[in-house]
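Undergrad: what would the 3D arrangement of this be:
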Amino acid sequence: MLEIKPIINAMLRSKVGAILLLIQIAITTAIVSNAAFIISDRLTYLKQDTGYQEQALFTFNVMTFGRDVNIDQQIELDEAMLRQIPGVIDASLMQTIPLSGSGSASGFGEKPEPEEGKRVRASYMFGDEHALNTLGVKLSEGRNFSDDEIVVHGSDGKQTAPSVVIASKAFTDEMFPEGNGLGKTIYMEDKPVQIIGIVERMAGAWLRDSKPFNVLIIPLVKTDTIQDFVVRTAPGQRAQVMAQIEDKMQALYDKRVVREIEGFDLLKSKYNAKDTLMLRMLVVLIVVLVLVTALGVFGLTLFNISKRTKQIGTRRALGARKSAIIRYFLVENALISVSGLVIGSIAAYLLGQQLMKVFSLPALPLSFIVFTALSVLAMSLLSVLAPAKRAADISPSIATRSI
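TA: Model (predicted):
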């Protein structure tokens with residue numbers, strides 16, 4: 001305790017370097033706390049369970065340009081052929097591919113429009129009775145679509161509206177918080193549909209959506225010259241099946257183009273590319289800030305040693321031990337660091353509040369601030385050890401030659 005007053009007096013005589021280091025530590029603490037929290041939050045987001053067996057699913061697009069084919073019949077032939085390929089569990093024509101970043105969403109209500117009532121936003125997909133098995137999602141309640149419930153909007157021009165729907169549990173929990181969504185009727189605009197099945201978990205087209213797991217499957221098939229198919233394979237068979245798709249499809253009908261054969265894991269990766277890039281940039285930012293702060297501590301200590309060579313030599317001549325010299329610089333650094341950490345922790349909290357308002361991020365937990373502050377303090381003390389040991393090795397005779 002007796003050393004603190006002379007240490008403070010010494011810093012006041014050369015306060016520019018100490019103030020700069022204090023500011024640097026405060027900035028590092030504020031930015032690293034929030035950057036580390038954002039990394040943790042985004043990693044949780046990237047690793048979340050989508051409800052799909054992503055490694056076993058893939059999709060592809062077909063664009064038909066031939067005029068001598070009945071699209072309705074050709075789609076049925078295509079689906080039958082796909083399901084017969086060795087290694088394929090099921091296949092289905094679908095409009096809106098999960099995890100793709102492209103789809104449709106709407107508000108579904110307890111009452112038809114324009115009547116006022118509760119409405120819940122959800123994304124939706126069109127599919128037939130094979131959609132559930134193709135996606136590999138499981139019903140927690142209710143049943144699958146029956147064949148006569150599938151509505152086809154094909155070349156005949158009929159536009160019948162579906163009467164049933166399968167919903168995700170996240171949607172029914174929000175729409176019916178009392179927990180009895182099965183069998184209830186909801187409205188898409190003014191059209192009523194009954195919930196006949198509830199899926200435990202399935203993601204929609206947009207993982208960054210405010211409600212990514214509010215999803216409905218509508219039993220509707222739209223036949224068009226541009227189609228998207230989804231295929232689920234047995235574990236380990238996907239690559240082999242994907243390699244056959246173009247040839248198999250062209251063999252059935254060659255006046256079309258098969259493209260964008262992609263696994264669900266790749267779709268998810270492409271959709272999350274910005275988040276992945278942001279994570280890498282934040283990691284680089286943290287590393288750079290920590291290294292710059294460590295170099296700042298190291299450099300300031302060396303500078304102080306060079307200025308205090310005579311003082312250190314005098315103390316050594318008067319009997320000061322090497323440990324006392326090392327302790328002196330450790331205490332000096334700790335005083336600067338703790339001051340910077342207090343300011344930086346306050347700045348981290350305020351920055352976190354602004355990020356929460358502007359970017360709708362969760363509140364910054366206190367644990368991230370505390371962990372960052374302790375880590376910066378440990379890094380700062382470690383950075384001063386080598387210069388402090390160098391100062392302790394100064395010989396009293398060499399130091400006093402400058403007198």
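Undergrad: low-confidence stretches in the chain?
TA: Where the chain drops to pLDDT under 70, the residues are 1-3, 155-158, 397-403.
Undergrad: mind naming the longest helix for it?
TA: Ranked by residue count under DSSP state H, the longest helix found in the chain is helix 322-359.
Undergrad: from the chain's centroid, how far away is the helix or strand that that helix is followed by?
TA: For helix 322-359, the following helix or strand on the C-terminal side (DSSP states H and E) is helix 366-392. Chain-centre distance of helix 366-392: 31 Å, with CA atoms, centre = their mean, to the nearest Å.
Undergrad: and helix 366-392, what other elements does it pack with?
TA: helix 15-46, helix 273-307, helix 322-359 (3 or more CB pairs under 8 Å, 6 or more residues apart in numbering; DSSP states H and E). Using the backbone N, CA and C atoms, a C-beta is placed for each residue, glycine as well.
Undergrad: could you redo the last one with a cut-off of 10 Å?
TA: Counting contacts by 3 or more CB pairs under 10 Å, 6 or more residues apart in numbering; DSSP states H and E, helix 366-392 is packed against helix 15-46, helix 273-307, helix 309-317, helix 322-359.
Undergrad: closest to Arg232 out of these?
TA: Arg232 sits nearest to helix 15-46 of all these, at 22.5 Å, using CB to CB.
Undergrad: now do the buried residues in that closest one.
TA: 17-18, 21-22, 24-39, 42 (16 or more other CB atoms under 10 Å).
Undergrad: shouldn't Asp275 be in contact with Arg42?
TA: Yes. Between Asp275 and Arg42 there is a contact under CB atoms under 10 Å: 5.3 Å.
Undergrad: what are the boundaries of the helices in the stretch 1-150 of the chain?
TA: 4-13, 15-46, 71-84, 131-135 (DSSP state H, counting those that start in this stretch).
Undergrad: so what's the gap between the first one and the chain middle?
TA: Spelled out, it's helix 4-13. 47 Å.
Undergrad: please apply the same query to the shortest one.
TA: Relative to the chain's own centre, helix 131-135 is displaced by 26 Å; criterion: CA atoms, centre = their mean.
Undergrad: now distance to Ile261 too, for the helices of the stretch 1-150 of the chain, in JSON lines please.
TA: Listed next are the helices of the stretch 1-150 of the chain as JSON lines, based on distance: least, CB to CB, whole Å:
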{"stretch": "helix 4-13", "distance to Ile261": "66"}
{"stretch": "helix 15-46", "distance to Ile261": "24"}
{"stretch": "helix 71-84", "distance to Ile261": "12"}
{"stretch": "helix 131-135", "distance to Ile261": "16"}
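Undergrad: just confirm Val241 is within a strand.
TA: No. Checked against DSSP: H, G, I helix; E, B strand; the rest coil, Val241 lies outside a strand; its state is helix.
Undergrad: which residues touch it?
TA: By CB atoms under 10 Å, 6 or more residues apart in numbering, the contact list for Val241 reads 56, 58, 82, 85-88, 91, 231-234, 248, 261.
Undergrad: mind running it again at 7 Å?
TA: Applying CB atoms under 7 Å, 6 or more residues apart in numbering to Val241 gives the contacts 85, 87-88, 231, 233.
Undergrad: next, format the helices and strands packed on helix 366-392 as CSV and append distance to Ser100.
TA: Below are the helices and strands packed on helix 366-392 laid out as CSV (distance: least, CB to CB, whole Å):
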stretch, distance to Ser100
helix 15-46, 16
helix 273-307, 13
helix 309-317, 67
helix 322-359, 24
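Undergrad: for Ile38, give me its contacts.
TA: Ile38 neighbours (CB under 7 Å, 6+ apart): 282, 361.
Undergrad: isn't Leu285 up against Ala36?
TA: No. Counting by CB atoms under 7 Å, Leu285 stays clear of Ala36, with 10.3 Å between them.
Undergrad: contacts for the host helix or strand of Val193, please.
TA: Assigned by DSSP H and E, Val193 belongs to strand 191-199. Strand 191-199 has contacts (CB under 7 Å, 6+ apart) with 112, 137-144, 161-169, 172, 181-186.
Undergrad: rerun at 6 Å
TA: Applying CB atoms under 6 Å, 6 or more residues apart in numbering, the external contacts of strand 191-199 come out as 137, 139-143, 161, 164-169, 172, 181-182, 184-185.
Undergrad: before we move on, what about stretch 91-98?
TA: 59, 75, 79, 82-83, 103-104, 125-127, 130-131, 134, 203, 205, 222, 227-231.
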